[in-house]
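Chemist: show me how the following folds:
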Amino acid sequence: MLAVVLMITLLSACGGKGGNGASPPASASSGDTASPSASPSDSVSPSTSAPELKGKLVIWTFFDQVKDMAAKFEEKNPGVQVEVKMFPGDQYQTKLLTALQTGKDLPDIFDLERGYIGKFIDSKFLTDLSAMGGEELVKDYIPYVQGLGRSSDGKLKAISDHSSPGGFWYLRETAKQYLGTDDPAQIGEMVGSWDKLIALGEKVYADSKGKVHLIENAGDLFDIMAYNTEPWVKDGKLNIDPKWQETYDLQQKIRAGNVDAKLPFMSAGWGTALNSGTVVLTSMPAWAGFMVDNKDDKAVGKFGVAPAPLGFYTGGTYRGIYDKSPNKELAYEFLKYIASPEWQDYNLGKTGNMPGNKAVYEKNLDTFKSAFFGDQNILKPYYDTIKEMPALSADKYGEDILSLWRKVASQGITNNTPYDKVVGDFKKEVKNAFPELKTD
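Modeler: Sure, this is the predicted structure:
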């Protein structure tokens, strides 16, 4: 799992150009996902001009699109200089933590990735943005995007400019052959529940004589359910949402019915299946266009995207202000800019990164196009599922415990292990990793 997380960190980081850091994100390849001819709706109003700003900001990140943010902010504020220091994604967290603990050579603003934001969000190192007026910046945000930037006491500590939603990507020709249609709304209805998805997957496998599967991996449900279940820890005790038992039962049915190709996210055959059509539907974050083989533009107009049974997102990069920064007010203006419709509208058009601000989504729902998806208005299938997702705050246990559950439950699915045995093994893993938690 660490290898996968690091790979995502290095390749995807929330969008932007090649070489991003991870987390993102939104679109990891601006050239692959956003159509050059597609421009977001002009009806999104620019943010109100602030008084002339002056000074210098230092930003630490693992994500190269921050350079573009800095350039646009400097363009808007000629009196400001923004120095962006970028570090490799696999080294960034350690370097940042070391700097924060020693108090030396610190930035004014630093980035935090979805996978480890919970380890920092309650720390003394992040400025309380709510006290600076930050609630106004996120009042029109998609709930889960603003929720993840909050500390356990509800204070806003970090802000993202994107939402990193996921959906089912598919090759249109493959969908026509095995589903009878390439219409995203119809496909979304065909997989509108897990029971429907399983029945359809069994049919696809039978019709193709075992050559084609409906989805890549039963493990995709870990990513989808992770953001539709209760937190793993409550009041110092391990909390296993009953939905995880329902999910495990579904995953066993998926595996038993040959609905999945048994290909984990970013595994050796995963990308091949996506591009060849040996799997009909691939669970994809909106920023993962770099996984599509688009040599000589051969993928342009070839894909569609349909909603999954439940909304989900993968990755996400957040920015906070160092609490002892001497430039807090100027740093706040930078966060204010990236939270604005002005920046997110520009970013959508340039990179295809899905916005965090609902207003930007809604203004572009019927107009935004992306090269891979031809004439499809691709914001809609994402927006229809994610806008109702709960706003959960990050915590220091969540991602690590989810990784443990993913490991133990995956083994259980492969070995057809009873759920009670899986839970027992899982509790032992959690107790070893976090002895301070009650597990019984």
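
Chemist: make it CA atoms for all contacts and neighbour counts henceforth
Modeler: Will do.

Chemist: next SSE downstream of the lowest-mean-pLDDT helix or strand in the chain?
Modeler: Using mean pLDDT, DSSP states H and E, helix 30-33 stands out as the lowest-scoring helix or strand of the chain, at a mean of 37. Going down the chain from helix 30-33, the next helix or strand is strand 55-61, by DSSP states H and E.

Chemist: for that following strand, name the packing helices and strands.
Modeler: strand 80-86, strand 109-113, helix 328-338 (3 or more C-alpha pairs under 8 Å, 6 or more residues apart in numbering; DSSP states H and E).

Chemist: can you list those in JSON lines and add mean neighbour count?
Modeler: Shown next, in JSON lines, are these (neighbours: other C-alpha atoms under 10 Å):
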{"stretch": "strand 80-86", "mean neighbour count": "18"}
{"stretch": "strand 109-113", "mean neighbour count": "25"}
{"stretch": "helix 328-338", "mean neighbour count": "19"}
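
Chemist: let's have these in CSV, adding mean pLDDT and distance to residue 307.
Modeler: Converted to CSV, those look like this (pLDDT from 0 to 100; distance: least, C-alpha to C-alpha, whole Å):
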stretch, mean pLDDT, distance to residue 307
strand 80-86, 97, 34
strand 109-113, 97, 25
helix 328-338, 98, 27
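
Chemist: columns distance to residue 408 on top of these, output as a markdown table?
Modeler: Formatted as a markdown table, the helices and strands packed on strand 55-61 follow (distance: least, C-alpha to C-alpha, whole Å):
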| stretch | distance to residue 408 |
| --- | --- |
| strand 80-86 | 35 |
| strand 109-113 | 24 |
| helix 328-338 | 39 |
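
Chemist: confidence score at residue 219?
Modeler: Among the per-residue scores, residue 219 holds a pLDDT of 94.

Chemist: from what I see, it and residue 264 are in contact.
Modeler: Yes: using C-alpha atoms under 8 Å, residue 219 is in contact with residue 264, at 6.8 Å.

Chemist: the two: which is more packed in?
Modeler: residue 219 (23 against 15; other C-alpha atoms under 10 Å).

Chemist: distance of residue 421 relative to residue 415?
Modeler: 11 Å (C-alpha to C-alpha, to the nearest Å).

Chemist: can you give me the strands in the stretch 101-250 of the chain?
Modeler: Using DSSP state E, counting those that start in this stretch, the strands of the stretch 101-250 of the chain run over residues 109-113, 166-171, 213-215, 233-234, 237-238.

Chemist: need the winner for burial among these.
Modeler: strand 213-215 (a mean of 28; mean count of other C-alpha atoms under 10 Å).

Chemist: longest helix of this protein?
Modeler: Among the segments of the chain that qualify as a helix by DSSP state H, the longest is helix 398-415.

Chemist: could I get the helix or strand following that helix in CSV with only the CA atoms?
Modeler: Note on helix 398-415: by DSSP H and E, the next helix or strand toward the C-terminus is helix 419-433. In CSV, the C-alpha atoms belonging to helix 419-433 read as follows (Å, rounded to 0.1, in the frame of the first residue of the first chain):
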residue,chain,number,x,y,z
TYR,A,419,-16.2,-12.0,8.1
ASP,A,420,-15.9,-12.7,11.8
LYS,A,421,-12.4,-14.1,11.3
VAL,A,422,-11.4,-11.1,9.2
VAL,A,423,-12.6,-8.8,11.9
GLY,A,424,-10.6,-10.7,14.5
ASP,A,425,-7.4,-10.6,12.5
PHE,A,426,-8.0,-6.9,11.7
LYS,A,427,-8.3,-6.0,15.4
LYS,A,428,-5.0,-7.7,16.1
GLU,A,429,-3.4,-5.6,13.4
VAL,A,430,-4.9,-2.4,14.8
LYS,A,431,-3.8,-3.3,18.4
ASN,A,432,-0.2,-3.9,17.2
ALA,A,433,-0.1,-0.7,15.3
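
Chemist: how far does helix 419-433 sit from the chain's center?
Modeler: Remark: helix 419-433 is offset 27 Å from the chain centroid, using C-alpha atoms, centre = their mean, to the nearest Å.

Chemist: what do you get for stretch 287-296?
Modeler: 17 Å.

Chemist: got the domain ranges for this structure?
Modeler: When the chain is parsed with automatic domain parsing, its domains come out as 2-163+315-386, 167-306.

Chemist: and those domains, which is most packed in?
Modeler: domain 2-163+315-386 (a mean of 20).

Chemist: what does the longest helix of the chain contact?
Modeler: Contacts to helix 398-415, defined as C-alpha atoms under 8 Å, 6 or more residues apart in numbering, come from residues 1, 115-116, 118, 219, 222, 226, 231-233, 248, 251-252, 255, 417-419, 422, 425-426, 429-430.

Chemist: can you check stretch 418-430 too?
Modeler: The contact list for stretch 418-430 (C-alpha under 8 Å, 6+ apart) reads 245, 248, 401, 404-405, 408-409, 412, 439.

Chemist: repeat that for 7 Å
Modeler: 401, 404-405, 408-409, 412, 439 (C-alpha atoms under 7 Å, 6 or more residues apart in numbering).

Chemist: can you pick the most crowded of the residues you listed?
Modeler: When neighbours are counted by other C-alpha under 10 Å, residue 409 leads the contacts of stretch 418-430 with 25 neighbours.

Chemist: roughly how far apart are that one and residue 323?
Modeler: In terms of C-alpha to C-alpha, residue 409 sits 40 Å off from residue 323.

Chemist: now residue 274
Modeler: Distance of residue 274 to residue 323, computed by C-alpha to C-alpha: 44 Å.

Chemist: for residue 346, same thing?
Modeler: 29 Å.

Chemist: now do residue 316
Modeler: 22 Å.

Chemist: for residue 215, find the nearest of the helices and strands packed on strand 55-61.
Modeler: strand 109-113 (27.3 Å; C-alpha to C-alpha).
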